[in-house]
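Colleague: Build me a model:
(chains A and B)
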Amino acid sequence: MNRVSFFFKEALRSIGRNPIPSFAALMAVLITVLVLGVFIPAVQLANGAADDVRSRVQVSVFMDKKATKADVARVEQRLQRTEHVKSVKFVSKEQALAEQKKQNPEAYALLGKMNPLPDTFRITPDSAGDTNSLLASLMPKGTSGKGAPFDAAIGEVKASKSETNKIVKITGAVKLSIGALALLLIVASILLISNTIRLSLFSRRREVEVMKLVGATDSFIRWPFVIEGLILGAMGGAVAIAMLALAKVTILSQLEGIATLISRPDMIAFGPLIGLLVLASIGVSAAGSGLSLRRFLRV
Amino acid sequence: MIEFRGVTKAYDNTTAGVHDATFTVHRGEFLFLVGQTGAGKSTLMKLLLKEMEPDSGVIRVAGRDLSEITHKKVPYYRRNLGVVFQDFKLLPNRTVYDNVAYALQVTGASRKQIRRQVPDILRLTGLSTKLHNYPHQLSGGEQQRVSVARAFVNHPPLLLADEPTGNLDPDTTIGIMQLLYRINKAGTTVVVATHDEGMVNRMRRRVIELQGGQIVRDEVAGGYGRDSESTAEFGALMRGEPSPTPQRLRQPSEADLFDDAFAD
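Modeller: The predicted structure is shown next:
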C-alpha cells in the first residue's frame, strides 16, 4: 500500500514537473480517441446502411395463375426447406392487388374487378451474396441446360439479377474501403501515441540512468511511468468522451430527425463504444509508456 | 573490499579501457585513482558499478564475484555502493531532500526511517538550509554535497567518486574532499578517481596511477601514517599549507561542528 501511494505520488509529481510533455501526451490521447470516437460510429453506420440495402435483395417466386391451394402449400413447404432461405413471405393475389391498388389507384381502377396478379412468395436470402446460389437451386438446370422452376405450378422465379450483383458489389466495396480507412487511422493513432511517449521518455533518460545508478530496480522505475501514462490516458480519454457526448447530443440527435441521412441510428452502440474508448486510451498509454521505457532500462 | 585480478576491458582494437589490472583495496582504505583522461579510471569505475562487464579477469567486491551477479540483482548490489560523479547526476525535478530520500526509497525504507535519516545526512553535509531547493538553484559545490549525501545516506561500505571535484573551484574541492575523508573515517572504503595529481600528492593517501589502461604506480600512503589527521588538518594538507594549524582562526563551519559524528 505504501508502495502504491508512493508510485502514484511519483507519477503526479512527474506530471506536475513536466507540464508540456504531459500536455502533449494528453492531447495525443484526446485526438486519437476523438478520431476513433467519430470513426467507429461512422463505420457502424455505413455497415448498417450497406446491410440494410443488402437485406432488401429479395427473390420472388410467382405461382402459375392456375395454381391451386394445394400447389401453393407444396411449394411453400419446399421453399422452407431450401438452402440459403432466411424467410418466406406469402403474398396472396388479393393482398398483392390491394398493395398495388394503393400504389397506383388509377391504373387498377381501369381493371375493375379483374386481378392479373399471381400468388407470390417473397424470399429473403440468408445474405445478398447467396442470392445467385439460391436462384440456382430454385431453378435447377434441366437436360436442355436452361434453368426451369423446380415445380410445374411455379410460373416464374425472379430476382433482378443485375441489380443484385450491383448492390452486392457496391456495398462490399464500401465496407472494404471504410475498413481499410479505419485500420489506417488506428495505426496512425498508435504511432502518434507511441511517438509522444517516446519523446517524453527520451527527455528523461538521464533521470532513469541516475535512478538505476542509485540502485532502483526496473519495476521501481517503471511503475510511476506506467501510472503516469494511465492518468494521462484516462484524462485525455475522459475529455474526448465528454466532447463526443456533447457532439452526439447537439449534432447527431438533430440528424436523427432526417431519417434518410442516417438510416439506422440504432446501429451505433454507444455504451460499448465508450467502454472501448476508455479501455483503449488507458491501456494504450499505460502499456505504451511501460514498454517504451524498456529501452532506457538497459544500463 | 575490492579485488581486481587480471582484469581487461577493451572497447575496440585501438582503445584499451583497462589492461590486465590487478590490485586489492582493503576495507577502510582511501584510494586515489589517477591518470590522464582516457587512462582507464572511468572504465574501472564502470566495471565496479557493473555498468559493463570485463572481457577477462575477476572482480570481487566484498568477497562477491561481480560476474555472478545477475542482471536482476544488479540494483541490489548497487545499493551497497555510494556513487558520486563529476556532473553530480542529481534528479533535476526533485528537491535536495527528495534527491537524498530517493536513495532510501528505492531500498523500500519506511517513511519514518527516511524522515530520520535524510535530515541527519543533510546536516552532516552542511545542507540543512537548502532542503527544499532544487538542484538548479544550488552552486556546483552544494550540488556535489547533495550527491555525496545521497551516496552516503545508506551508509554503504564502499563509496566511489568519479572526478568528484572536476567541475569545482579549489576551495570547494577541499570542502568536498574533506567530506569524503570524513566518510572514510567513519569506516567506509572510498575510491576517488581524479586527474588532479598535485592534490593527490599532497594528501598522502594510497595512489594507483593508470596510463593507457595499465597500472603504472601503486603507492600505499607514500610512507606516511594513515588516519592520523583531523578533518581540519586534512584540509590544511589539501591546501598545501606546511603545517596544520592547531587553532582555528576562522569561525568553525557547520560541517566542522559535526566532525566527530562520523568518528564512530
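
Colleague: Tell me which stretches of chain B form helices.
Modeller: B:41-48, B:74-78, B:96-105, B:111-124, B:140-152, B:170-185, B:197-203, B:231-239, B:254-257 (DSSP state H).

Colleague: domain assignment for the chain?
Modeller: All of this refers to chain A. Split into domains by automatic domain parsing, chain A comes to A:2-53+A:168-297, A:58-158.

Colleague: Can you look at chain B instead?
Modeller: Per automatic domain parsing, the domain ranges recorded for chain B read B:28-53+B:75-80+B:157-262, B:90-155.

Colleague: could you redo those as JSON lines and give each row mean pLDDT, distance to A:Lys169 and mean neighbour count?
Modeller: In this view, the C-beta of every residue, glycine as well, is placed from N, C-alpha and C. Converted to JSON lines, the domains of chain B look like this (pLDDT from 0 to 100; distance: least, CB to CB, whole Å; neighbours: other CB atoms under 10 Å in any protein chain shown):
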{"stretch": "domain B:28-53+B:75-80+B:157-262", "mean pLDDT": "78", "distance to A:Lys169": "62", "mean neighbour count": "18"}
{"stretch": "domain B:90-155", "mean pLDDT": "92", "distance to A:Lys169": "60", "mean neighbour count": "19"}
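
Colleague: can you list those in TSV and add distance to A:Gly237?
Modeller: Below are the domains of chain B laid out as TSV (distance: least, CB to CB, whole Å):
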stretch	distance to A:Gly237
domain B:28-53+B:75-80+B:157-262	34
domain B:90-155	26
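
Colleague: circling back to that earlier point, how about a markdown table for the domains of chain A, with distance to B:Asp65, mean pLDDT and mean neighbour count added?
Modeller: Shown next, in a markdown table, are the domains of chain A (distance: least, CB to CB, whole Å; pLDDT from 0 to 100; neighbours: other CB atoms under 10 Å in any protein chain shown):
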| stretch | distance to B:Asp65 | mean pLDDT | mean neighbour count |
| --- | --- | --- | --- |
| domain A:2-53+A:168-297 | 19 | 81 | 17 |
| domain A:58-158 | 70 | 80 | 15 |
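
Colleague: So which of those is nearest B:Asp98?
Modeller: Closest of these to B:Asp98 is domain A:2-53+A:168-297, at 8.5 Å (criterion: CB to CB).

Colleague: now stretch A:126-143, how far from the centre of its chain.
Modeller: 28 Å (CA atoms, centre = their mean, to the nearest Å).

Colleague: Output it as CSV - backbone C-alpha positions only.
Modeller: The C-alpha trace of stretch A:126-143 is given here as CSV (Å, rounded to 0.1, in the frame of the first residue of the first chain):
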residue,chain,number,x,y,z
ASP,A,126,-29.5,-15.5,-45.9
SER,A,127,-27.3,-12.8,-47.3
ALA,A,128,-27.3,-10.9,-50.5
GLY,A,129,-24.2,-12.8,-51.6
ASP,A,130,-26.2,-16.1,-51.6
THR,A,131,-28.9,-14.9,-54.0
ASN,A,132,-27.3,-16.5,-57.0
SER,A,133,-26.9,-19.9,-55.5
LEU,A,134,-30.5,-19.6,-54.2
LEU,A,135,-31.7,-18.9,-57.7
ALA,A,136,-29.8,-21.9,-59.0
SER,A,137,-31.4,-24.2,-56.5
LEU,A,138,-34.9,-22.8,-57.2
MET,A,139,-34.3,-23.3,-60.9
PRO,A,140,-32.3,-26.4,-61.3
LYS,A,141,-30.8,-26.9,-64.8
GLY,A,142,-32.5,-29.5,-66.8
THR,A,143,-31.2,-31.6,-69.7
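
Colleague: what residue is smack in the middle of chain B?
Modeller: B:Ala161 (3.2 Å; CA atoms, centre = their mean).

Colleague: quick one, what contacts the closest residue to A:Leu276 other than its chain neighbours?
Modeller: Nearest residue to A:Leu276, sequence neighbours excluded (CB to CB, 6 or more residues apart in numbering or on different chains): A:Ile40, at 7.6 Å. Contact analysis of A:Ile40 by CB atoms under 8 Å, 6 or more residues apart in numbering or on different chains lists A:Ala182, A:Leu273, A:Leu276.

Colleague: So which of the residues you listed belong to helices?
Modeller: Per DSSP H, the contacts of A:Ile40 map to helices at A:Ala182, A:Leu273, A:Leu276.

Colleague: helix/strand/coil for the nearest residue to the second one once chain neighbours are set aside?
Modeller: Going back to what we said before, that points to A:Leu273. In space, and not counting its chain neighbours, A:Leu273 is closest to A:Ile40: 5.9 Å by CB to CB, 6+ apart. Taking DSSP: H, G, I helix; E, B strand; the rest coil as the rule, one finds A:Ile40 in the helix state.

Colleague: Chain B contacts on the stretch 101-250 of chain A?
Modeller: A:206-207, A:209-218, A:220 (CB under 8 Å from any CB of the partner chain).

Colleague: Closest residue of the stretch 1-150 of chain A to chain B?
Modeller: Distances between the stretch 1-150 of chain A and chain B by CB to the nearest CB are smallest at A:Arg17, namely 4.1 Å.

Colleague: Quick one: residues contacting the residue of chain A most remote from its centre.
Modeller: Most distant from the centre of chain A: A:Val214, at 51.5 Å, with distances by CA atoms, centre = their mean. If you count contacts by CB under 8 Å, 6+ apart, A:Val214 has them with B:Arg78, B:Arg79, B:Val83, B:Tyr102, B:Ala103, B:Val106, B:Arg150.

Colleague: check those residues against chain A, which are close?
Modeller: B:Arg78, B:Arg79, B:Val83, B:Tyr102, B:Ala103, B:Val106, B:Arg150.

Colleague: How much space separates the fourth one from A:Ser5?
Modeller: This points to B:Tyr102. According to CB to CB, to the nearest Å, B:Tyr102 stands 16 Å off from A:Ser5.

Colleague: Also the second one?
Modeller: Distance, B:Arg79 to A:Ser5, using CB to CB: 22 Å.

Colleague: what sits against A:Thr131?
Modeller: A:Val57, A:Val59, A:Pro125, A:Ala159, A:Thr164, A:Val168.

Colleague: Perfect, that will be all.
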